[in-house]
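J.: mind looking at a prediction? Sequence and model below.
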Amino acid sequence: MLVAEKTAAGDKMATESTIESFDALVIGAGAAGLMCAIEAGKRGRRVAVLEHAERAGKKILISGGGRCNFTNIYCQPENFISENPHFAKSALARYTPQDIVAMVERHGIAYHEKTLGQLFCDRSSNQITGMLEAECRAAGVKIFLSARISEVGHADGFVIAAGPAEFRAPALVIATGGLSIPKMGATSFGYDIARQFGLKICKTKPGLVPLLLNAKDRSNYGDLAGISAEVNATANGATFRESMLFTHRGLSGPAILQASSFWNSPEPIHIDLAPERNVFLPLCEDPARGAAQVRSTLHEVLPKRLATKWLELHQPVSWSNAALEELERELHNWTVLPAGTEGYDKAEVTTGGVNTDELSSKTMESKRLKGLFFVGEVVDVTGHLGGFNFQWAWASGAAAGRAL
(Lines give C-alpha, C1' and ligand atoms only; values in the text may rest on other atoms or scores of the structure.)
Protein backbone atom coordinates (compact mmCIF):
# COMPACT_ATOMS: atom_id res chain seq x y z
CA MET A 1 0.00 0.00 0.00
CA LEU A 2 1.21 3.47 -0.80
CA VAL A 3 1.34 6.23 1.78
CA ALA A 4 -0.51 9.48 1.09
CA GLU A 5 1.28 12.66 2.10
CA LYS A 6 -0.84 15.66 3.14
CA THR A 7 0.74 18.85 1.84
CA ALA A 8 -0.36 22.40 1.22
CA ALA A 9 -1.02 21.41 -2.38
CA GLY A 10 -3.13 18.40 -1.39
CA ASP A 11 -2.47 14.65 -1.25
CA LYS A 12 0.34 13.01 -3.13
CA MET A 13 1.71 9.50 -3.04
CA ALA A 14 5.08 8.47 -1.73
CA THR A 15 6.97 6.62 -4.44
CA GLU A 16 7.68 2.91 -4.30
CA SER A 17 10.46 1.87 -1.91
CA THR A 18 10.99 5.43 -0.70
CA ILE A 19 13.33 6.11 2.21
CA GLU A 20 12.26 9.30 4.01
CA SER A 21 14.59 10.90 6.58
CA PHE A 22 13.43 13.42 9.19
CA ASP A 23 14.52 14.89 12.50
CA ALA A 24 11.47 13.43 14.24
CA LEU A 25 8.64 11.03 13.48
CA VAL A 26 5.25 11.33 15.17
CA ILE A 27 2.86 8.38 15.03
CA GLY A 28 -0.71 9.61 15.35
CA ALA A 29 -2.34 12.73 13.90
CA GLY A 30 -4.62 13.45 16.82
CA ALA A 31 -4.55 16.45 19.14
CA ALA A 32 -1.34 15.48 20.96
CA GLY A 33 0.56 14.34 17.90
CA LEU A 34 -0.27 17.40 15.81
CA MET A 35 0.56 19.79 18.65
CA CYS A 36 3.88 18.04 19.15
CA ALA A 37 4.67 18.28 15.44
CA ILE A 38 3.71 21.96 15.34
CA GLU A 39 5.96 22.88 18.27
CA ALA A 40 8.89 20.90 16.86
CA GLY A 41 8.38 22.29 13.37
CA LYS A 42 8.35 25.85 14.72
CA ARG A 43 11.82 25.13 16.12
CA GLY A 44 13.11 24.21 12.67
CA ARG A 45 12.86 20.46 13.05
CA ARG A 46 11.91 18.39 10.00
CA VAL A 47 8.89 16.44 11.23
CA ALA A 48 6.73 13.72 9.68
CA VAL A 49 3.40 12.68 11.18
CA LEU A 50 2.24 9.16 10.28
CA GLU A 51 -1.50 8.53 10.59
CA HIS A 52 -3.17 5.21 9.79
CA ALA A 53 -6.57 6.83 9.07
CA GLU A 54 -7.46 8.54 5.81
CA ARG A 55 -7.59 11.94 7.49
CA ALA A 56 -6.10 13.70 10.50
CA GLY A 57 -7.94 14.33 13.75
CA LYS A 58 -10.84 11.89 13.34
CA LYS A 59 -11.49 11.74 17.08
CA ILE A 60 -11.34 15.54 17.28
CA LEU A 61 -14.12 15.73 14.70
CA ILE A 62 -16.63 13.77 16.81
CA SER A 63 -15.71 15.39 20.11
CA GLY A 64 -18.11 17.65 21.97
CA GLY A 65 -21.05 16.59 19.84
CA GLY A 66 -19.19 17.81 16.75
CA ARG A 67 -18.22 21.14 18.31
CA CYS A 68 -15.01 20.08 20.11
CA ASN A 69 -14.72 20.89 23.80
CA PHE A 70 -11.12 21.96 23.15
CA THR A 71 -10.16 22.99 26.70
CA ASN A 72 -11.37 23.94 30.14
CA ILE A 73 -10.42 27.35 31.53
CA TYR A 74 -10.34 25.96 35.09
CA CYS A 75 -7.86 23.19 34.28
CA GLN A 76 -5.75 22.11 37.26
CA PRO A 77 -3.62 19.03 37.98
CA GLU A 78 -6.40 17.90 40.33
CA ASN A 79 -8.59 17.32 37.27
CA PHE A 80 -6.50 14.31 36.23
CA ILE A 81 -6.18 10.68 37.27
CA SER A 82 -2.80 8.95 37.32
CA GLU A 83 -0.84 6.58 39.52
CA ASN A 84 1.46 9.59 39.93
CA PRO A 85 -0.83 12.60 40.50
CA HIS A 86 2.14 14.99 40.27
CA PHE A 87 3.37 13.91 36.83
CA ALA A 88 1.10 16.16 34.75
CA LYS A 89 1.92 19.36 36.66
CA SER A 90 4.99 20.38 34.68
CA ALA A 91 3.47 20.06 31.20
CA LEU A 92 0.15 21.62 32.25
CA ALA A 93 1.95 24.62 33.74
CA ARG A 94 3.95 25.24 30.55
CA TYR A 95 1.07 24.97 28.07
CA THR A 96 -2.10 26.38 29.59
CA PRO A 97 -5.71 26.79 28.44
CA GLN A 98 -4.83 30.40 27.62
CA ASP A 99 -2.22 29.14 25.13
CA ILE A 100 -4.66 27.02 23.13
CA VAL A 101 -7.28 29.78 23.35
CA ALA A 102 -4.74 32.20 21.86
CA MET A 103 -4.20 29.84 18.93
CA VAL A 104 -7.96 29.43 18.43
CA GLU A 105 -8.45 33.20 18.47
CA ARG A 106 -5.54 33.74 16.09
CA HIS A 107 -7.34 31.55 13.58
CA GLY A 108 -10.59 33.47 14.02
CA ILE A 109 -12.51 30.53 15.45
CA ALA A 110 -15.55 31.64 17.43
CA TYR A 111 -16.12 29.76 20.69
CA HIS A 112 -18.26 29.89 23.80
CA GLU A 113 -18.13 28.73 27.40
CA LYS A 114 -20.63 26.17 28.59
CA THR A 115 -20.96 25.11 32.22
CA LEU A 116 -17.96 24.57 34.47
CA GLY A 117 -15.42 26.32 32.23
CA GLN A 118 -15.86 24.13 29.15
CA LEU A 119 -14.96 25.87 25.87
CA PHE A 120 -16.64 24.74 22.63
CA CYS A 121 -16.44 25.93 19.03
CA ASP A 122 -19.51 27.89 17.99
CA ARG A 123 -19.63 26.09 14.67
CA SER A 124 -17.73 22.85 14.13
CA SER A 125 -14.87 20.63 15.27
CA ASN A 126 -13.64 20.85 11.68
CA GLN A 127 -12.32 24.29 12.60
CA ILE A 128 -9.94 22.79 15.15
CA THR A 129 -8.57 20.17 12.76
CA GLY A 130 -8.27 22.87 10.09
CA MET A 131 -6.38 25.07 12.53
CA LEU A 132 -3.94 22.28 13.42
CA GLU A 133 -3.35 21.37 9.78
CA ALA A 134 -2.72 25.03 8.95
CA GLU A 135 -0.23 25.30 11.81
CA CYS A 136 1.49 22.14 10.56
CA ARG A 137 1.81 23.57 7.05
CA ALA A 138 3.22 26.82 8.43
CA ALA A 139 5.78 24.84 10.47
CA GLY A 140 6.78 22.67 7.49
CA VAL A 141 5.36 19.49 9.00
CA LYS A 142 4.53 16.67 6.58
CA ILE A 143 1.47 14.53 7.37
CA PHE A 144 1.35 11.07 5.80
CA LEU A 145 -2.16 9.62 5.80
CA SER A 146 -3.27 5.97 5.42
CA ALA A 147 0.15 4.99 6.76
CA ARG A 148 -0.06 1.27 7.54
CA ILE A 149 2.87 0.75 9.87
CA SER A 150 4.14 -2.82 9.86
CA GLU A 151 7.29 -2.44 11.91
CA VAL A 152 9.03 -0.04 14.27
CA GLY A 153 12.71 -0.65 14.87
CA HIS A 154 15.63 1.05 16.57
CA ALA A 155 19.32 0.76 15.85
CA ASP A 156 21.04 3.94 14.79
CA GLY A 157 17.86 5.95 15.31
CA PHE A 158 14.29 4.82 14.64
CA VAL A 159 13.13 3.09 11.48
CA ILE A 160 9.44 2.71 10.59
CA ALA A 161 8.18 0.51 7.78
CA ALA A 162 4.87 1.71 6.34
CA GLY A 163 3.89 -0.11 3.20
CA PRO A 164 6.63 0.41 0.60
CA ALA A 165 7.93 3.49 2.41
CA GLU A 166 10.57 3.57 5.12
CA PHE A 167 10.86 6.48 7.54
CA ARG A 168 13.97 7.23 9.59
CA ALA A 169 14.64 9.71 12.38
CA PRO A 170 16.65 9.99 15.61
CA ALA A 171 13.44 10.75 17.54
CA LEU A 172 10.06 9.01 17.66
CA VAL A 173 6.88 10.29 19.35
CA ILE A 174 4.02 7.89 20.07
CA ALA A 175 0.73 9.79 20.01
CA THR A 176 -1.60 6.94 19.10
CA GLY A 177 -4.22 7.41 21.81
CA GLY A 178 -5.85 4.65 23.84
CA LEU A 179 -8.40 1.92 23.27
CA SER A 180 -11.56 4.02 23.39
CA ILE A 181 -13.89 4.18 20.37
CA PRO A 182 -12.35 1.37 18.27
CA LYS A 183 -14.71 2.19 15.38
CA MET A 184 -12.61 5.35 14.97
CA GLY A 185 -9.51 3.20 14.59
CA ALA A 186 -8.30 2.92 18.20
CA THR A 187 -5.88 0.04 18.77
CA SER A 188 -3.29 -1.10 21.31
CA PHE A 189 -0.47 0.06 19.02
CA GLY A 190 0.98 2.62 21.43
CA TYR A 191 1.08 0.16 24.32
CA ASP A 192 2.61 -2.49 22.06
CA ILE A 193 5.44 -0.12 21.13
CA ALA A 194 5.98 0.76 24.79
CA ARG A 195 6.26 -2.92 25.68
CA GLN A 196 8.55 -3.55 22.69
CA PHE A 197 11.03 -1.10 24.19
CA GLY A 198 10.63 -2.38 27.75
CA LEU A 199 8.35 0.29 29.26
CA LYS A 200 5.81 -0.65 31.91
CA ILE A 201 2.08 -0.16 31.35
CA CYS A 202 -0.46 0.73 34.04
CA LYS A 203 -3.61 -1.37 33.72
CA THR A 204 -6.02 0.11 31.21
CA LYS A 205 -9.81 0.28 31.40
CA PRO A 206 -12.63 2.31 29.84
CA GLY A 207 -13.04 5.80 31.32
CA LEU A 208 -15.80 8.39 31.03
CA VAL A 209 -18.15 5.55 30.13
CA PRO A 210 -21.81 4.69 30.93
CA LEU A 211 -22.36 2.07 33.62
CA LEU A 212 -24.54 -1.02 33.30
CA LEU A 213 -27.08 -1.75 36.02
CA ASN A 214 -27.22 -5.25 37.47
CA ALA A 215 -30.18 -7.41 36.46
CA LYS A 216 -32.33 -6.50 39.48
CA ASP A 217 -31.76 -2.75 39.17
CA ARG A 218 -32.24 -2.88 35.41
CA SER A 219 -35.59 -4.59 35.97
CA ASN A 220 -36.55 -1.92 38.51
CA TYR A 221 -35.27 1.19 36.71
CA GLY A 222 -35.00 0.27 33.02
CA ASP A 223 -38.34 1.87 32.18
CA LEU A 224 -36.98 5.27 33.33
CA ALA A 225 -34.77 5.53 30.22
CA GLY A 226 -34.45 9.16 29.14
CA ILE A 227 -35.07 10.65 32.60
CA SER A 228 -32.31 12.76 34.13
CA ALA A 229 -31.71 14.41 37.50
CA GLU A 230 -28.92 16.40 39.12
CA VAL A 231 -27.12 14.17 41.61
CA ASN A 232 -23.90 13.62 43.49
CA ALA A 233 -22.27 10.44 42.18
CA THR A 234 -19.43 8.96 44.23
CA ALA A 235 -16.98 6.21 43.25
CA ASN A 236 -13.84 5.26 45.12
CA GLY A 237 -14.00 8.47 47.18
CA ALA A 238 -14.40 10.86 44.22
CA THR A 239 -17.70 12.78 44.08
CA PHE A 240 -19.15 14.65 41.11
CA ARG A 241 -22.25 16.84 41.12
CA GLU A 242 -23.77 16.92 37.67
CA SER A 243 -26.70 15.37 35.84
CA MET A 244 -27.36 11.63 35.73
CA LEU A 245 -29.29 9.97 32.91
CA PHE A 246 -31.18 6.68 33.04
CA THR A 247 -30.69 4.49 29.96
CA HIS A 248 -32.30 1.22 28.91
CA ARG A 249 -29.24 -0.65 30.17
CA GLY A 250 -27.96 1.49 33.01
CA LEU A 251 -26.82 4.95 34.00
CA SER A 252 -25.08 7.70 32.04
CA GLY A 253 -24.86 11.49 32.02
CA PRO A 254 -21.91 13.64 33.15
CA ALA A 255 -22.04 12.63 36.83
CA ILE A 256 -21.88 8.92 36.01
CA LEU A 257 -19.27 9.32 33.26
CA GLN A 258 -17.05 11.18 35.73
CA ALA A 259 -17.52 8.58 38.45
CA SER A 260 -16.88 5.73 36.01
CA SER A 261 -13.22 6.69 35.64
CA PHE A 262 -12.77 6.03 39.37
CA TRP A 263 -15.01 2.98 39.62
CA ASN A 264 -13.51 -0.48 39.96
CA SER A 265 -15.58 -3.66 39.84
CA PRO A 266 -17.04 -5.03 42.09
CA GLU A 267 -17.19 -1.84 44.15
CA PRO A 268 -20.48 0.07 44.51
CA ILE A 269 -21.18 3.63 43.51
CA HIS A 270 -23.18 5.92 45.76
CA ILE A 271 -25.72 8.38 44.40
CA ASP A 272 -27.24 11.30 46.29
CA LEU A 273 -30.52 11.98 44.49
CA ALA A 274 -31.18 15.25 46.33
CA PRO A 275 -27.86 16.94 47.05
CA GLU A 276 -27.87 19.46 49.90
CA ARG A 277 -31.63 19.15 50.44
CA ASN A 278 -33.72 17.89 53.33
CA VAL A 279 -36.67 16.32 51.57
CA PHE A 280 -38.59 14.23 54.09
CA LEU A 281 -37.29 15.48 57.43
CA PRO A 282 -39.53 18.61 57.47
CA LEU A 283 -42.52 16.25 57.36
CA CYS A 284 -41.54 14.89 60.78
CA GLU A 285 -43.24 17.96 62.29
CA ASP A 286 -46.53 17.22 60.54
CA PRO A 287 -48.75 14.75 62.44
CA ALA A 288 -51.01 14.34 59.38
CA ARG A 289 -48.27 13.16 57.05
CA GLY A 290 -48.88 10.12 54.87
CA ALA A 291 -48.08 8.51 51.53
CA ALA A 292 -49.73 11.24 49.45
CA GLN A 293 -47.83 14.03 51.20
CA VAL A 294 -44.53 12.18 50.97
CA ARG A 295 -45.09 11.53 47.25
CA SER A 296 -46.04 15.16 46.62
CA THR A 297 -42.91 16.35 48.43
CA LEU A 298 -40.62 14.10 46.40
CA HIS A 299 -42.31 15.17 43.15
CA GLU A 300 -41.06 18.69 43.87
CA VAL A 301 -37.48 17.43 44.00
CA LEU A 302 -37.23 14.72 41.35
CA PRO A 303 -38.84 14.12 37.95
CA LYS A 304 -42.30 12.69 38.62
CA ARG A 305 -41.70 9.22 37.15
CA LEU A 306 -38.43 8.84 39.04
CA ALA A 307 -40.02 10.03 42.29
CA THR A 308 -42.94 7.61 41.91
CA LYS A 309 -40.63 4.70 41.10
CA TRP A 310 -38.32 5.56 43.99
CA LEU A 311 -41.12 5.52 46.54
CA GLU A 312 -42.56 2.37 45.05
CA LEU A 313 -39.22 0.61 45.60
CA HIS A 314 -38.44 2.21 48.99
CA GLN A 315 -41.88 2.25 50.57
CA PRO A 316 -41.48 2.28 54.37
CA VAL A 317 -43.70 0.11 56.56
CA SER A 318 -44.90 3.20 58.39
CA TRP A 319 -44.65 7.00 58.29
CA SER A 320 -42.99 7.35 61.69
CA ASN A 321 -40.19 9.82 62.25
CA ALA A 322 -37.69 6.97 62.24
CA ALA A 323 -39.07 5.71 58.91
CA LEU A 324 -38.86 9.19 57.36
CA GLU A 325 -35.30 9.59 58.60
CA GLU A 326 -34.36 6.25 57.04
CA LEU A 327 -36.08 7.26 53.78
CA GLU A 328 -34.05 10.49 53.81
CA ARG A 329 -30.81 8.53 54.28
CA GLU A 330 -31.67 6.20 51.41
CA LEU A 331 -32.44 9.13 49.12
CA HIS A 332 -28.99 10.59 49.76
CA ASN A 333 -27.16 7.27 49.52
CA TRP A 334 -28.60 5.11 46.78
CA THR A 335 -26.04 2.31 46.59
CA VAL A 336 -25.67 0.76 43.15
CA LEU A 337 -23.59 -2.29 42.28
CA PRO A 338 -22.92 -1.89 38.55
CA ALA A 339 -22.72 -5.01 36.42
CA GLY A 340 -19.96 -3.37 34.38
CA THR A 341 -19.50 -0.60 31.84
CA GLU A 342 -20.52 -0.07 28.23
CA GLY A 343 -16.87 -0.79 27.37
CA TYR A 344 -14.40 0.87 25.04
CA ASP A 345 -17.05 1.23 22.32
CA LYS A 346 -18.79 3.94 24.38
CA ALA A 347 -15.84 5.16 26.48
CA GLU A 348 -14.57 8.66 25.78
CA VAL A 349 -11.10 7.87 27.11
CA THR A 350 -8.85 5.08 28.31
CA THR A 351 -7.59 5.23 31.88
CA GLY A 352 -4.15 3.81 32.60
CA GLY A 353 -1.43 3.58 29.97
CA VAL A 354 2.32 4.05 29.81
CA ASN A 355 3.60 4.25 33.38
CA THR A 356 4.68 7.81 34.11
CA ASP A 357 7.65 6.49 36.10
CA GLU A 358 9.09 5.61 32.69
CA LEU A 359 8.91 9.17 31.35
CA SER A 360 10.34 12.61 32.01
CA SER A 361 7.54 14.87 33.23
CA LYS A 362 9.22 17.84 31.52
CA THR A 363 9.75 16.33 28.05
CA MET A 364 7.66 13.11 27.89
CA GLU A 365 10.84 11.29 26.82
CA SER A 366 11.46 7.69 27.85
CA LYS A 367 14.03 7.29 30.60
CA ARG A 368 15.01 3.93 29.10
CA LEU A 369 15.55 4.92 25.47
CA LYS A 370 16.75 8.34 24.36
CA GLY A 371 14.67 9.80 21.57
CA LEU A 372 11.46 7.89 22.35
CA PHE A 373 8.51 10.00 23.55
CA PHE A 374 4.90 9.27 24.55
CA VAL A 375 2.19 11.94 24.60
CA GLY A 376 -1.56 12.24 25.08
CA GLU A 377 -3.98 9.49 25.99
CA VAL A 378 -1.45 6.67 25.61
CA VAL A 379 0.18 7.92 28.84
CA ASP A 380 -1.26 7.12 32.29
CA VAL A 381 -2.85 10.56 32.64
CA THR A 382 -6.63 10.77 32.26
CA GLY A 383 -8.64 13.95 32.55
CA HIS A 384 -12.09 14.52 33.96
CA LEU A 385 -14.96 15.19 31.58
CA GLY A 386 -15.14 18.70 30.16
CA GLY A 387 -12.14 19.56 27.99
CA PHE A 388 -9.40 18.34 30.33
CA ASN A 389 -8.25 15.48 28.11
CA PHE A 390 -7.78 17.89 25.22
CA GLN A 391 -5.73 20.16 27.48
CA TRP A 392 -3.52 17.20 28.43
CA ALA A 393 -3.09 16.43 24.72
CA TRP A 394 -2.03 20.02 23.97
CA ALA A 395 0.24 20.25 27.00
CA SER A 396 1.98 16.89 26.68
CA GLY A 397 2.33 17.32 22.92
CA ALA A 398 3.85 20.77 23.37
CA ALA A 399 6.25 19.47 26.04
CA ALA A 400 7.60 16.79 23.70
CA GLY A 401 7.65 19.09 20.67
CA ARG A 402 9.75 21.64 22.50
CA ALA A 403 12.23 18.92 23.49
CA LEU A 404 12.74 17.47 20.00
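T.: Looks like it came in fine. Residues are numbered from 1 along each chain as shown.

J.: spatially central residue for this protein, please.
T.: Central residue of the chain (C-alpha atoms, centre = their mean): Val349, 3.6 Å from the mean position.

J.: show me the contacts for that residue.
T.: Residues near Val349 by C-beta atoms under 8 Å, 6 or more residues apart in numbering: 178, 180, 207-208, 261, 377, 382-383, 389. C-betas here are computed from N, CA, C, even on glycine.

J.: ok, it to Pro268 distance?
T.: 23 Å (C-beta to C-beta, to the nearest Å).

J.: adding distance to Ala165 and pLDDT, write the contacts of Val349 out as CSV.
T.: Shown next, in CSV, are the contacts of Val349 (distance: C-beta to C-beta, whole Å; pLDDT from 0 to 100):
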residue, distance to Ala165, pLDDT
Gly178, 26, 97
Ser180, 29, 96
Gly207, 35, 98
Leu208, 36, 98
Ser261, 38, 98
Glu377, 26, 98
Thr382, 34, 98
Gly383, 34, 98
Asn389, 31, 98
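
J.: strands - which of those land there?
T.: Applying DSSP state E to the contacts of Val349, the entries found in strands are 207, 382-383.

J.: select from the residues you listed the one having the most neighbours.
T.: Highest neighbour count within the ones in strands among the contacts of Val349: Gly207, with 28 neighbours (other C-beta atoms under 10 Å).

J.: shaky segments in this protein?
T.: Scanning the chain for pLDDT under 70 picks out the ranges 1-17.

J.: can you rerun that using 80?
T.: Scanning the chain with the threshold set as pLDDT under 80 gives 1-17, 288.

J.: now do the strands in the stretch 1-150 of the chain.
T.: For the stretch 1-150 of the chain, applying DSSP state E, counting those that start in this stretch gives strands covering 4-7, 10-13, 19-21, 24-27, 47-50, 69-72, 80-81, 111-113, 118-121, 142-145, 149-155.

J.: let me see the contact set for Ser243.
T.: Ser243 sits next to 228-231, 253-255 when contact means C-beta under 8 Å, 6+ apart.

J.: buried ones in the helix or strand harbouring it?
T.: Assessed by DSSP states H and E, Ser243 sits inside strand 238-246. Buried residues in strand 238-246, defined by neighbour count with 16 or more other C-beta atoms under 10 Å: 240, 242, 244-246.

J.: now do stretch 321-336
T.: Result for stretch 321-336 [16+ other C-beta under 10 Å]: buried residues 323-324, 327-328, 330-332, 334, 336.

J.: returning to that earlier point: can you put the strands of the stretch 1-150 of the chain in a markdown table and add mean neighbour count?
T.: Output for the strands of the stretch 1-150 of the chain, formatted as a markdown table (neighbours: other C-beta atoms under 10 Å):
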| stretch | mean neighbour count |
| --- | --- |
| strand 4-7 | 19 |
| strand 10-13 | 12 |
| strand 19-21 | 14 |
| strand 24-27 | 28 |
| strand 47-50 | 27 |
| strand 69-72 | 26 |
| strand 80-81 | 20 |
| strand 111-113 | 13 |
| strand 118-121 | 21 |
| strand 142-145 | 22 |
| strand 149-155 | 13 |
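
J.: make TSV out of those strands and add distance to Asp345.
T.: Formatted as TSV, the strands of the stretch 1-150 of the chain follow (distance: least, C-beta to C-beta, whole Å):
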stretch	distance to Asp345
strand 4-7	28
strand 10-13	30
strand 19-21	35
strand 24-27	23
strand 47-50	26
strand 69-72	20
strand 80-81	21
strand 111-113	29
strand 118-121	24
strand 142-145	25
strand 149-155	24
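
J.: wait, which of those is closest to Val173?
T.: When the strands of the stretch 1-150 of the chain are ranked by distance to Val173, counting by C-beta to C-beta, first place goes to strand 24-27 at 4.4 Å.

J.: which elements pack onto that closest one?
T.: Here strand 24-27 touches helix 31-42, strand 47-50, strand 157-162, strand 165-169, strand 171-174, helix 189-196, going by 3 or more C-beta pairs under 8 Å, 6 or more residues apart in numbering; DSSP states H and E.

J.: select, out of the ones you listed, the one closest to Phe70.
T.: Closest approach to Phe70 among the helices and strands packed on strand 24-27 (C-beta to C-beta): helix 31-42, 8.3 Å.

J.: same for that closest one, what does it pack against?
T.: Judged by 3+ C-beta pairs under 8 Å, 6+ apart, helix 31-42 is in contact with strand 24-27, strand 47-50, helix 126-138, helix 388-401.

J.: quick check, Pro164 in contact with Thr18.
T.: Yes - counting by C-beta atoms under 8 Å, Pro164 touches Thr18, with 6.9 Å between them.

J.: separation between Glu312 and Ser318?
T.: Taking C-beta to C-beta, one finds Glu312 at 17 Å from Ser318.

J.: any idea which of the helices and strands packed on helix 31-42 gets closest to Thr187?
T.: strand 24-27 (11.3 Å).

J.: among the strands of the stretch 1-150 of the chain, which is nearest Cys136?
T.: Smallest distance to Cys136 across the strands of the stretch 1-150 of the chain (C-beta to C-beta): 6.1 Å, for strand 142-145.
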